[in-house]
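**Q** Mind folding the following:
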Amino acid sequence: MYTLALPLLIGLIAVALAFDFLNGLHDAANSIATVVSTRLLKPVHAVLFAGFFNFAAYFLTITFPSLHAVASTIGKGLIAQELVTPAVVFGALVGAMFWNVVTWLKGIPSSSSHALVGGMIGSGVAHAGITGVQWSGLNKTLIAIVLSPVLGMILSMLIMLVSSWLFSRATHRTAERSFRALHLISSGTYSLSHGLNDAQKTMGIITVLLFSTGYLHGDFEVPHWVAISCYVAMGLGTLTGGWKIIETMGSRITKLSQHQGFSASLGGSVMVFAASLLGIPVSTTHTITGCIIGAGVARRASAVRWGVAQNVLVAWIITIPASAAVGAAFYMLTTLF
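**A** Residues are numbered from 1 along each chain as shown. Sure, this is the predicted structure:
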């Protein structure tokens, strides 16, 4: 256990909530790119819509406490809980925030989740060496990097095919009206799943910080005030929007119809809810990008701008090592004081 003055603890919690806010801002595109690009909702209405459902995920966790499994993975499943110090937490958060800001300014839909994972690993290894890594938690996160967009792409393609068959005898007007309604519902569901999975990552960081400084004892459980603070911070971040990333996600990868937007959002919802149940801190950015590509490919392969998709893929690959390097650097910086 590490002693930490209360003002410094409050400061670290504020940094964690700032990351959560930035996560919401950076990942707003995950929830609303399809409804904005298809003009189903105006941008301002879309961010209000997404922000509401991001926060509404809080009520899911009240009803089903087991859904806090992702927080446990982040808090004690990457670096051994007893090795986490306030300096490790600081390095992890700064590493993740640095990468989020860089990719946000460039309009690159990278993963806030994996930036935090990278920051935690880099800072933790700098503190305790490679032996401090919890490989079971890290391995399932790394596997999800590959599987979530691939499975999301396949699932969205299947949804496109099945829904096309179901509406094959409907008139164009009836099908369009139906898919507009279904797209709105699936987008709300995806925003709900995004809030559920992503807000827990900051919950895990704050909770392990409280344990490491002696403010919490016993089993690893997220305090109520930590949960609601994280959902509020993420919801507010989503309300600010990340317009450059929304443009990349919603129109530069492929041009979407209401049918495709519905298929991508539904496929993403299924994937992220499943990951939350399994306690996997999946990248909602990776998942919805794979789903958008799958919805585009279902129409025709040439509908996808593969050059843009390739640039996004490169950002995914370097996110964890880049944020880990920054996290380690900032941890080392704290040792000078």
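
**Q** Which secondary structure state does residue 282 sit in?
**A** When classified by DSSP: H, G, I helix; E, B strand; the rest coil, residue 282 comes out as coil.

**Q** Spatially nearest residue to it, not counting backbone neighbours?
**A** Leaving aside its chain neighbours, residue 282 sits nearest to residue 275 (3.7 Å; criterion: C-beta to C-beta, 6 or more residues apart in numbering). In this view, the C-beta of every residue, glycine as well, is placed from N, C-alpha and C.

**Q** can you pull the contacts of that neighbour?
**A** 70, 144, 148, 197, 281, 282, 287 (C-beta atoms under 8 Å, 6 or more residues apart in numbering).

**Q** Could you do residue 230 as well?
**A** Counted by C-beta under 8 Å, 6+ apart, residue 230 has contacts 17, 20, 199, 200, 202, 203, 206.

**Q** Residue 140: which of those residues is nearest?
**A** residue 200 (14.9 Å; C-beta to C-beta).

**Q** The closest one against residue 68, yeah?
**A** Yes. Between residue 200 and residue 68 there is a contact at 6.3 Å, judged by C-beta atoms under 8 Å.

**Q** where along the chain do the helices fall?
**A** Counting by DSSP state H, the segments of the chain that form helices are 6-37, 43-63, 69-76, 86-106, 112-128, 135-166, 172-212, 224-240, 243-247, 258-278, 284-299, 306-334.

**Q** any chance of these in JSON lines, plus distance to residue 218?
**A** Shown next, in JSON lines, are the helices of the chain (distance: least, C-beta to C-beta, whole Å):
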{"stretch": "helix 6-37", "distance to residue 218": "19"}
{"stretch": "helix 43-63", "distance to residue 218": "19"}
{"stretch": "helix 69-76", "distance to residue 218": "13"}
{"stretch": "helix 86-106", "distance to residue 218": "20"}
{"stretch": "helix 112-128", "distance to residue 218": "23"}
{"stretch": "helix 135-166", "distance to residue 218": "21"}
{"stretch": "helix 172-212", "distance to residue 218": "9"}
{"stretch": "helix 224-240", "distance to residue 218": "15"}
{"stretch": "helix 243-247", "distance to residue 218": "40"}
{"stretch": "helix 258-278", "distance to residue 218": "24"}
{"stretch": "helix 284-299", "distance to residue 218": "31"}
{"stretch": "helix 306-334", "distance to residue 218": "27"}
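
**Q** Going by mean pLDDT, which of the ones you listed comes out lowest?
**A** Ranked on mean pLDDT, the bottom entry among the helices of the chain is helix 243-247, at a mean of 53.

**Q** residues contacting the closest residue to residue 335 other than its chain neighbours?
**A** Distances taken as C-beta to C-beta, 6+ apart place residue 87 nearest to residue 335, at 7.2 Å, with adjacent residues excluded. Listed by C-beta under 8 Å, 6+ apart, the contact partners of residue 87 are 123, 127, 331, 334, 335.
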